[in-house]
Every structure is written in C-alpha cells, then in structure tokens.
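**Student:** Okay, structure incoming, though there's no sequence with it:
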C-alpha cells in the first residue's frame, strides 16, 4: 500500500513491476530533446507510445497535471514545470489543475487563501518559467469553468466515478479513508479523464507526468476509464503516464515545502540560496582535502551535483566533466558548490525579473 | 441506526425524542389551511416557527425537496407533491431536485434514462397537480444550472462538505458505506443548504418536508450547516423540516415503486385503479356481513379509508361521517371501496387531461 499523500520511500523497481510501468525510452530521436528524459530523471512510462506518436505526427493530445497550493514554489516543483512547458512547446493542450478541493479537505487553508497561493506563488512562477496562455487550461477544482456546460460536465463525471469503484479498492490504495480523501480521489480521477469529455477536448490521448508514488492512482484512473468504456457510458482512451525521480532535499531527505532548509525556493535570493547550499547541501566529498584528492568524491550522493545534473548544467559534456573531476578528486566540495552557486544565482536573478513581468500576465490565464 | 434508503419500520415517538422533533402545530390559524397538517399526516417539525413566521409576514423562504426518478409516480409521491404546491401558492421559492446522481450510484439506470423518467413521469405529474414554473427551480444533481456561477458554487459546496464530517459519523447514520452512498450524502446536504449561497437566494429560511426516516439526515445537515457557520466559511440558517406519515401500500405494507400491486399510479386508468382497490386494498372489515354489522369495521387499519383520509375526501365532516359509519358497521367494506373508487376515478380522469396539457409546459421548467 502506497499513500500518495505520505512521504514513505518506495522501491522503484518493485513498483514498476507491480504496476506494469515500463522503462522510459520515449527519447529516441522520435521526439525532441529533453534533459529530464535524456538523463533518466524521467525513468518510467505507461502507454507513452500514443503520446510519442502524437508528437511525431503533430496530432492533438493533452498533458494534464495538478498543483497543490501549499507553501513556496521550489526547485522540486520546477521538474514538473519544466515538463509542462516542454509539452506545451510541442503543441500539447495543457490542463493545469489547482487541487484546492484536495488541499482544503486536507485542512491546509481556506479556499480563498489557497486560490491566492496558487496564483501568486505557483502560476506566476510557471509563467516566468515559460508557460503561455495559449493552449493552457488553468483551473481550480472548486471552480472548474466559466462555461456552465463544461462545469456541469466536469462535476457530473466526478459524481459518476463512485459507481465504478468500491470502498475496499480505495482502502487498498489510500489506506485510512476520510470523506475528504474520498472526494479528493474522485476529483483527481475526473481531473485526468475529463479532457476527453465532449464538452472539453473530446476523446484523445492524455499524458500525466508523475512521481512513482502516484502509480496506484494512475492505475485506478485507468481502471475507472476502462469501466466507463465497458459500460458504454464514455469512450475514453486510457491515460498515458510518465514517472520521474524526485529531486532530493538539501540534506538528502525529502524536499518538503514545510521545511525551508530542505529546499531552494524560486523566490529565494542568490545570497539565501548560496547560504543554504554551503550550510545544508549534503556532500559526497571526503572528510579532508587529502582524502578527497586521494579517493575522490561520490557524486551519486552529492546534492549539489544532483542539482546540476537535474537542471542547472544542461550541457551533457560539461556535466560529464564535472562528474569525472569530482569523482577523481580533482575538484573539491567547495568548488562543486561554487559552480552550483553561480549557476543558481544567475537563474534566480533572471527568474526574479521574469516573475515581475509574469504578474501582469496572470489575468490571461484566469477567466 | 436508520437507513434512509431502506424500508425498515421506524418508531415515530422514539425517533422524535431522539432527534428533538417536536409535534407539528404549525396549523393554528397562523398559516393557511392544509389537509395534511390539519389531519396530523404531517405530525412533526423542527424549527418550523421560522417558516410559519415567513408565511405570516409574507417574507421570502425556500421549500426544498427531491425526487428519486425510479418507477411510476404514485399516490405516495402525491403527498410530497401536494406540499410543494401548497408552499408554492404561499409564496415559497421551490427547489425541486432530481436525485439522479444518487439514483445512478444506486445503479437504478443511466443518467439519460433517469432524466427521461424525471421529466416524463415526475415533472409532468407535478405540473398536472398544480406546480407552476414561476418561483420553481427544478434541477438535476448531475446538471445543476445553466449559470456557471451557480453550477460552480453548488458543486464547490459539495466538495467542501467532506471536511465537516467524519467517516464514523456517516457510518453511524447510513450503515455500510459505498463510495456512491458517500457522494450521494454530500449531494443531499448541498441540495438542502445551497439555496443560502450568495449565488442562489442568499441566507434565508428553508423548509424540507420529509418522512421520519430522514430525521438523521436532517440532523447531519444541520450539524454541517452549524460547522460551516462556526468556521465563518458560510453563514447558514439551520434548515427547518416537517415530518409526514407515509401512505401505506394497498396490502398494508410499504408502498413501493417496484411493486405495482402496492400502489395506484397517477397514470393508472380508473378501471385498473378500481381492480387494484377491490383485489388488493387491505380491509378493516369483518369476515361476514353479520359480524360487520354487529361489531363494525376498523377504519384505523383500512387502506381504503386511509386513502380517503389522506387525500380523496377533503371535507372533514364527510370523512368523519365515513369513519363513524364504517366503525359502527353501517357501511360495509364493499361500500367503502365504492366511495373511494368513484373519487379516484374522477381524480384520475381529470388528472389525465391535465397531464396531457402539462407535457407542453415541461420546457418552462427546464432551461
């Protein structure tokens, strides 16, 4: 049993087998370059062939994802943001859902406050990172659409989903159930499936990029979709999904919105970011300079290296050289951190400017 | 534990005490004449004072009720219909909800079929009985409104209710829970409360006429309303309710839509109705004419007498005379059934004509 709301570590391989997730090999010349795919950060997929085909043949498809409007927007969130923007550039219609009903039922805040956080913290950062209003349906679970036909259709689907699942099935996936969790699950399933309703985009492929902890939820959603199709109530294509690794927190544990020393926020200044990296970033370096020169560092567990690998050194040759130089002991932890610090400082300064401009564009996303 | 979807008999007095339901004394010259109130068929109430005050002072209030679109519209349903039309004439805004989401999740039919039944069988009969489009909000749970602001507000309320209840609380009221039951309960609570949202009528009194089996549900709804008010999320007046007796089925058990020999449908012809009464209507008469003349009948258990009392003999003096003559043995079962048969025949013939005309008015209720 995996709790998608929990924080337990999950064993990727075992889960891939259990849920029939295949290795991601979508990047094979067929679809445009993407750092996350090329470097194995996106490592698994289910039914991605349909999506690769759409990209190759310039056919319509939807990329759906959600955001939980809680706390600061940090580098961990950027991995999903990068994928959204990547798919949007490839022509996907983006469905970007603010999971405010879910957050409300988890007692995170009032709907009003959640709305404010979603716009000021999340949407603004997405725009600054490159999200465009065209082909982007940004919406709140609590306020689906300014079209009544769409709103009714979305909520109607939610209220039909309970017929397709049993309480035991939900318990097996989500553990202890509260009424709030149950309605959250119904919303999430509808969020993934509703783009295929005739009131929205009609039947068509959808890809959902998630962490491996969401695998049971994606399977449930596919089961529900299949049951609707079987009952001839809807004709859904089973949703595709990709699975990415999470960026670890600075100290090596989970990157958590509730612990500011675990993440670098996109609103952190370069100085704060530098201090966090120097003070907290878990190092794969040795205890002494002598030992480091002799044995070399361990980039595999080094958080600074990880950050460069995940996003801040996009040049494959350069990241390879950093890896080798660190591994051989040629560069020290302090030097590695310096490379990262400079990259992050540059990014944060530019991003801040972009975010200021993004504020004026928010209204283009909210009808 | 009472299952509002079940059919178990409930002990009125005990429940009235348990749920704080008071005797209905709304009819006391303060509000206009009504057969169901006058004769104690509506026997209990909670917070009805607010509604009596609105009626007396011609203030705005809402009367909310739902219909389950399953099977034929029969005399049992007419008790609620009579109340709807009574309140509408008194100036109430009527909220008439088709519980199609609930019916769908109970696996009664597809939403399309449920919609057809609701319109052709239920709405048409309501109109024929006197329902008018003015001040009537007839809606489907699956398609709340053609205004997106209203639709979003209604469904938003549904998705906020889970935060206000626990699974144990729901179990205590509804017994074994399925996801479908849970979502049905959320819909029902929202159905009763949502007229008070600013997108609808805004804060104001609401009365819900129900059978005693719904008492636990009304209490839950009041609890949820109070919790929303306490959290300052909404400012709800606790809903008022009245409690009516059910008309028994022809053979004395439950009047059930799934058993045509238990009810007289409003689409039954006079001949069918007559046959059903003669063949099935449980009689309080004696075994022989001699015995009946000597000991008299038992109107208290006689279904034909009950039907006259509940709706077909509105004249109090005449019903009293029928009671006395039957009790004294002056009239026989056959004669009692003859009185009822003639009244029902007249009603059904007139009603059929009205229903034909009603079909043309259906569109005035559905936007």
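**Tutor:** Structure's in. What do you need? If you're wondering where the values come from, they're calculated on a predicted model, not measured in any experiment.
**Student:** My guess is residue A:74 contacts residue A:255. True?
**Tutor:** Yes. Residue A:74 lies in contact with residue A:255 (Cβ atoms under 8 Å); the separation is 6.5 Å. From N, CA and C alone the C-beta is placed, and that goes for glycine too.
**Student:** shared neighbours, these two?
**Tutor:** Common neighbours of residue A:74 and residue A:255, using Cβ atoms under 8 Å, 6 or more residues apart in numbering or on different chains, are residue A:263.
**Student:** distance between the ends of stretch A:251-261?
**Tutor:** From the first residue to the last, stretch A:251-261 extends over 8 Å; the measure is Cα to Cα, to the nearest Å.
**Student:** With stretch A:38-49 instead?
**Tutor:** Using Cα to Cα, the gap from the first to the last residue of stretch A:38-49 comes to 17 Å.
**Student:** same check, this time on stretch A:105-113
**Tutor:** 13 Å.
**Student:** chain center to it: distance?
**Tutor:** How far stretch A:105-113 lies from its chain's middle: 21 Å, per Cα atoms, centre = their mean, to the nearest Å.
**Student:** For that stretch, buried residues please.
**Tutor:** Across stretch A:105-113, burial judged by 16 or more other Cβ atoms under 10 Å in any protein chain shown covers A:105-106, A:108-111.
**Student:** got a list of contacts for that stretch?
**Tutor:** By Cβ under 8 Å, 6+ apart, the surrounding residues in contact with stretch A:105-113 are A:5, A:68-70, A:100, A:103-104, A:114, A:117, A:142, A:178-181, A:183-184, B:156, B:159-160, B:162-163, B:233.
**Student:** Buried among these? Make that a PyMOL selection.
**Tutor:** In PyMOL syntax, the buried subset of the contacts of stretch A:105-113 is picked out as below (16+ other Cβ under 10 Å):
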select buried, (chain A and resi 68+69+70+100+103+104+114+117+142+178+179+180+181+183+184) or (chain B and resi 156+159+160+162+163+233)
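**Student:** Could you list which of the contacts of stretch A:105-113 belong to helices?
**Tutor:** A:100, A:103-104, A:114, A:117, A:179-181, A:183-184, B:156, B:159-160 (DSSP state H).
**Student:** Which strands or helices does the host helix or strand of residue A:221 pack on?
**Tutor:** Remark: residue A:221 resides in helix A:215-230, with elements defined by DSSP states H and E. Judged by 3 or more Cβ pairs under 8 Å, 6 or more residues apart in numbering or on different chains; DSSP states H and E, helix A:215-230 is in contact with helix A:12-19, helix A:167-174, helix A:179-193, strand A:206-211.
**Student:** Show the subsequent helix or strand relative to that helix.
**Tutor:** Counting by DSSP H and E, the next helix or strand C-terminal to helix A:215-230 is strand A:240-244.
**Student:** buried sites along that next one?
**Tutor:** Under 16+ other Cβ under 10 Å, the buried positions of strand A:240-244 are A:240-244.
**Student:** now the strands for chain A?
**Tutor:** A:22-23, A:42-46, A:62-67, A:93-98, A:136-140, A:206-211, A:240-244 (DSSP state E).
**Student:** Quick one: work out the angle between the fourth one and strand A:62-67.
**Tutor:** So that's strand A:93-98. Here the directions of strand A:93-98 and strand A:62-67 differ by 20 degrees (axes from the mean of the first three to the mean of the last three Cα atoms, to 10 degrees).
**Student:** So for strand A:93-98, mean pLDDT?
**Tutor:** For strand A:93-98, the mean per-residue pLDDT is 98.
**Student:** And the contacts of that strand?
**Tutor:** Residues lying outside strand A:93-98 but in contact with it, judged by Cβ under 8 Å, 6+ apart, are A:60-67, A:69, A:84, A:87-88, A:114-115, A:118, A:122, A:126, A:131, A:135-141, A:191, A:195, A:201, A:206.
**Student:** Quick check: can you name the pairing partners of that strand and their directions?
**Tutor:** Within its sheet, and counting by DSSP bridges, strand A:93-98 is paired with strand A:62-67 (parallel), strand A:136-140 (parallel).
**Student:** Give me whichever of the ones you listed is most buried.
**Tutor:** Using mean count of other Cβ atoms under 10 Å in any protein chain shown, the stretch among the strands paired with strand A:93-98 with the largest mean neighbour count is strand A:62-67, at a mean of 23.
**Student:** How about the residues of the stretch 201-350 of chain A by chain B?
**Tutor:** Listed as neighbours of chain B in the stretch 201-350 of chain A under the rule Cβ under 8 Å from any Cβ of the partner chain: residue A:233.
**Student:** by contact count, what packs against the longest helix belonging to chain A?
**Tutor:** In terms of residue count, the longest helix belonging to chain A (DSSP H) is helix A:333-359. For helix A:333-359, the contact count by 3+ Cβ pairs under 8 Å, 6+ apart identifies helix A:124-129, helix A:270-280, helix A:303-307, helix A:316-328 as packing neighbours.
**Student:** Just the angle for the last one relative to helix A:333-359, thanks.
**Tutor:** Counting by the same axes, to 10 degrees, helix A:316-328 points 150 degrees away from the direction of helix A:333-359.
**Student:** distance between helix A:316-328 and the chain's centre?
**Tutor:** For helix A:316-328, the separation from the chain centroid amounts to 27 Å (computed by Cα atoms, centre = their mean).
**Student:** What are the contacting residues of that helix?
**Tutor:** When contacts are defined by Cβ under 8 Å, 6+ apart, helix A:316-328 is touched by residues A:38, A:284, A:296-299, A:302, A:305, A:308-309, A:313, A:330-331, A:336, A:339.
**Student:** Derive a ChimeraX selection command for the buried subset of those residues.
**Tutor:** Entered in ChimeraX, the line below selects the buried ones among the contacts of helix A:316-328, by 16+ other Cβ under 10 Å:
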select /A:284,296,297,299,302,305,308,309,313,331,336,339
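**Student:** and the least confident of the contacts of helix A:316-328?
**Tutor:** Within the contacts of helix A:316-328, residue A:38 has the lowest pLDDT, namely 89.
**Student:** how much space is there between that residue and residue A:300?
**Tutor:** Residue A:38 sits at a distance of 18 Å from residue A:300 (criterion: Cβ to Cβ, to the nearest Å).
**Student:** what's the answer for residue A:124, then?
**Tutor:** Following Cβ to Cβ, the distance that separates residue A:124 from residue A:300 is 35 Å.
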